[in-house]
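In: with the input below, show me the fold.
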Amino acid sequence: MSVKSAPDVITSHDLSEESNTPTTSESDRTASSAITASTLESPNAYFPLKRPYSELPFVRDTRDAFQMGASEIVDVSYENSKVTSNLSGVMLMKNKKYTVNLSPYSLSWERLYKRNKSSSSEGSRKSEVSLTNVLGSCSHFNFSLKRIFRKKANLFKLRVYTYKTGESGNWKLCYYQFQCSTLKTAQEWSKNINYRLNLLNRPRNCHVFINPFSGENHASEIYNKKISNIFQIAGMTPTVTVTDRRGHAYSVVQTLDLHLTDVIICIGGDGLFGEVFNSLLWRQQHDVYEEEAGQREPEVCPVRIGLIPAGSTNGVVLCTTGQADPVTSALQIAMGRETRIDVISVWHNGKIERFGTNFIGYGFFGDVLRDSELYRWMGPSRYDFSGFKTIINLGSYKGDIMFREGITSGKPSDTLQCKKGCKICQEEDLPQPQPQEWVKVSGSFVSLEGCVMSCSSPQANKGLSPSAHLGDGCLDLIVHKSVNGLRYFQYLSNLAFFHQPFTGELVDVYRVTEFKFRAQCDNHKPGRCKRCSYWNIDGELYYESEIHVKVHRQILTLLASQPEY
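Out: Residues are numbered from 1 along each chain as shown. Got it, this is the predicted structure:
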């Protein structure tokens, strides 16, 4: 099959066509001298499949061998293969020779010219891909009757899977493809690539929770058609739990063997993610503090968490990856990209009630969430419908707010957003901001919002507080004083369509490390008193009218790569 595209171009690949693609795993760690590979053909562009992958005679090998000692490893597929510090060879790319090198850190190839021909005539065509950007490698039989009958060589394929970034910033699964003359050559290269990938601290044993009722009820379909293939290529061993009720994931996490779990992956919305990390932090509280559980500050979460969007708003994914795309999140999880984020704890009467990572709101956003629970059958559009109803009957709530401002170099009004390589979030040794004196604000409010992240959503791409950081140990406290529905609608419109937050004289914003709130009401029973609203904590309702919120810096590790732009 002839391909007109350049030989070193990575092309996109449809995941649904390779749901059964096998992966090669790690084997013997015996070091030996560098070897020279047999002649390979070009890593051509995408070849359309003639029949399903499950029918092809793939070369399969054992998984997770890297977890064993070197003397215990027995690889049935690579009996005669060796793991080397460097692998090199001469490969053909569209009938042109290239020198290819596999180092401990990258795979590179460069055009090999004849002696009587100057390399400057066609220019240098050296290409390189870092192994940190490689998902995995596998080898299989190149089924082609045309090649067999014509007694053509190079019947074995070697695929090196990686990714490319689309125009909108989303990641797409792609691969380089090599054709080998012998099975041993394909296995040797695949083994060496996968062995190097296993040294990058990537997740292998994972527990996957799927909420089939989240968003538009497509979570199971997303996993089967888009995600499972990526995990298989990366050599991950998933244990899947499909939740059937609220709190199901919470109870399962309480009984997991965390020592054998590299990552817990949530396929659903922010609610499922909240269940999982709340369960982990509460389990840690009981394991460490026992009888004092809930009365002590939370420690660092013991297990990494991955989140694949399949919900209604997908706020956490939008803030941490910049894309509500399942494939993007799955690739970042499989490649072990880490981002440490802040967590808030909500206290009542001296005890922790729950934890959050994204948003906590009182007033308007609490009323919208409470009303939207009546219209879950509408899907994500229920938030727009309930928001319109709430604006028409906009309420005002009296309360007292006390907060401590954080000592940081940034301000909520900054135009600089938290992106990949953010200096504040990357500096792990930064001390917690020193507590300041309590500042008190009293009055009547339309809404009170605490943004731990930027709080991006489909309605507001930049978020409620665009300059909020993921890991600075602070949240942005937005106080919107009493206005009529028209003025508040204008504020929300400026936020959503013109990306102008904090507009208007009645909007105040503070960057704080903790705050307290007490409703000015004698009853203090939300739902029974018209002067009390509800709390919206990461999309979950909370009913107390007197709380204390604290921010804990970077105690949760999320497998995600921060937005690049």
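In: give me the three-state assignment for the closest residue to residue 247 other than its chain neighbours.
Out: Closest residue to residue 247 apart from its sequence neighbours, by C-beta to C-beta, 6 or more residues apart in numbering: residue 275 at 6.8 Å. Any C-beta I mention is one placed from the backbone N, CA and C, and that applies to glycine too. Here residue 275 is helix, with the state taken from DSSP: H, G, I helix; E, B strand; the rest coil.
In: now residue 275: how far from residue 551?
Out: 21 Å (C-beta to C-beta, to the nearest Å).
In: next, count neighbours for residue 448.
Out: Neighbourhood size, residue 448 [other C-beta atoms under 10 Å]: 24.
In: whoops, I mixed them up, residue 156
Out: Residue 156 has 21 neighbouring residues, counting by other C-beta under 10 Å.
In: again with residue 416
Out: 12.
In: I'd assumed residue 469 was in contact with it.
Out: No - counting by C-beta atoms under 8 Å, residue 416 stays clear of residue 469, with 9.7 Å between them.
In: now do the shared contacts for those two.
Out: Listed as contacting both residue 416 and residue 469 by C-beta atoms under 8 Å, 6 or more residues apart in numbering are residue 410.
In: just for the stretch 151-300 of the chain, where's the confidence low?
Out: 151-155 (pLDDT under 70).
In: need the helices for it, in chain order.
Out: Along the stretch 151-300 of the chain, the segments classed as helices by DSSP state H, counting those that start in this stretch run 183-197, 219-222, 228-233, 248-255, 270-289.
In: got TSV for those, with distance to residue 135 and mean neighbour count too?
Out: TSV is the format used below for the helices of the stretch 151-300 of the chain (distance: least, C-beta to C-beta, whole Å; neighbours: other C-beta atoms under 10 Å):
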stretch	distance to residue 135	mean neighbour count
helix 183-197	8	24
helix 219-222	18	19
helix 228-233	6	23
helix 248-255	27	16
helix 270-289	23	20
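In: show me what residue 106 bridges to in the sheet.
Out: The partner list for residue 106 in beta bridges (DSSP bridges) reads residue 130.
In: report the contact partners of it.
Out: 128, 129, 130, 131.
In: you'd agree residue 327 is in a helix?
Out: Yes - with three-state DSSP as the criterion, residue 327 is part of a helix.
In: okay, now it: neighbour count?
Out: Neighbours of residue 327 using other C-beta under 10 Å come to 21.
In: tell me which helix or strand of the protein sits lowest on mean pLDDT?
Out: Sorting the helices and strands of the chain by mean pLDDT, DSSP states H and E puts strand 35-40 at the bottom, at a mean of 28.
In: ok, how many other residues are close to the residue lying closest to residue 289 once chain neighbours are set aside?
Out: Of all residues not flanking residue 289 in the chain, residue 296 sits nearest, at 4.9 Å (C-beta to C-beta, 6+ apart). Residues lying near residue 296 (other C-beta under 10 Å) number 11.
In: ok, residue 296 to residue 551 distance?
Out: 16 Å.
In: same question for residue 408.
Out: Residue 408 is 11 Å from residue 551, by C-beta to C-beta.
In: between those two, what contacts are shared?
Out: The contact lists of residue 408 and residue 551 share 473, 474, where a contact means C-beta under 8 Å, 6+ apart.
In: more neighbours, the two?
Out: residue 551 (23 against 15).
In: and the contacts of residue 106, which are buried?
Out: Buried residues within these, counting neighbours by 16 or more other C-beta atoms under 10 Å: 129, 131.
In: residue 412: which of the contacts of residue 106 is nearest?
Out: residue 130 (36.3 Å; C-beta to C-beta).
In: model confidence for the closest one, exactly?
Out: We have a pLDDT of 93 for residue 130.
In: residue 466 touches residue 499, doesn't it?
Out: Yes - counting by C-beta under 8 Å, residue 466 does reach residue 499; the two are 7.1 Å apart.
In: of the two, who's got more company?
Out: Neighbour count, other C-beta under 10 Å: between residue 466 and residue 499, residue 466 has more, with 25 against 12.
In: which element is that one on?
Out: Following DSSP states H and E, one finds residue 466 outside all helices and strands.
In: hmm, back to that, kindly reformat the helices of the stretch 151-300 of the chain as CSV containing distance to residue 104.
Out: Output for those, formatted as CSV (distance: least, C-beta to C-beta, whole Å):
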stretch, distance to residue 104
helix 183-197, 6
helix 219-222, 35
helix 228-233, 21
helix 248-255, 36
helix 270-289, 34
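In: go through these and name the closest to residue 505.
Out: That would be helix 270-289 among the helices of the stretch 151-300 of the chain, by C-beta to C-beta, at 32.3 Å.
In: now the closest one against helix 248-255, angle please.
Out: Angle of helix 270-289 versus helix 248-255, following axes from the mean of the first three to the mean of the last three C-alpha atoms, to 10 degrees, is 30 degrees.
In: which SSE is immediately downstream of helix 270-289?
Out: Following helix 270-289 in sequence, per DSSP H and E, is strand 304-309.
In: check the residue nearest the centre of the chain and give its pLDDT.
Out: The centroid of the chain falls nearest to residue 560 when counting by C-alpha atoms, centre = their mean (3.3 Å). At residue 560, the model reports a pLDDT of 94.
In: now the phi/psi pair for the nearest residue in space to it that is not next to it in sequence, please.
Out: When the adjacent residues along the chain are set aside, residue 560 lies closest to residue 320, with 4.2 Å between them (C-beta to C-beta, 6+ apart). Main-chain dihedrals, residue 320, degrees, to the nearest 10: phi -100, psi -30.
In: state the distance from residue 320 to residue 448.
Out: Where residue 448 is concerned, residue 320 sits at a distance of 24 Å (C-beta to C-beta).
In: again, but for residue 561
Out: 32 Å.
In: buried set for stretch 537-555?
Out: Result for stretch 537-555 [16+ other C-beta under 10 Å]: buried residues 537-540, 542, 544-545, 547-555.
In: count the neighbours of residue 239 for me.
Out: 12.
In: so who does it touch?
Out: Per C-beta under 8 Å, 6+ apart, neighbours of residue 239: 205, 206, 207, 208.
In: one more time with 10 Å
Out: 205, 206, 207, 208, 209, 256, 260, 261 (C-beta atoms under 10 Å, 6 or more residues apart in numbering).
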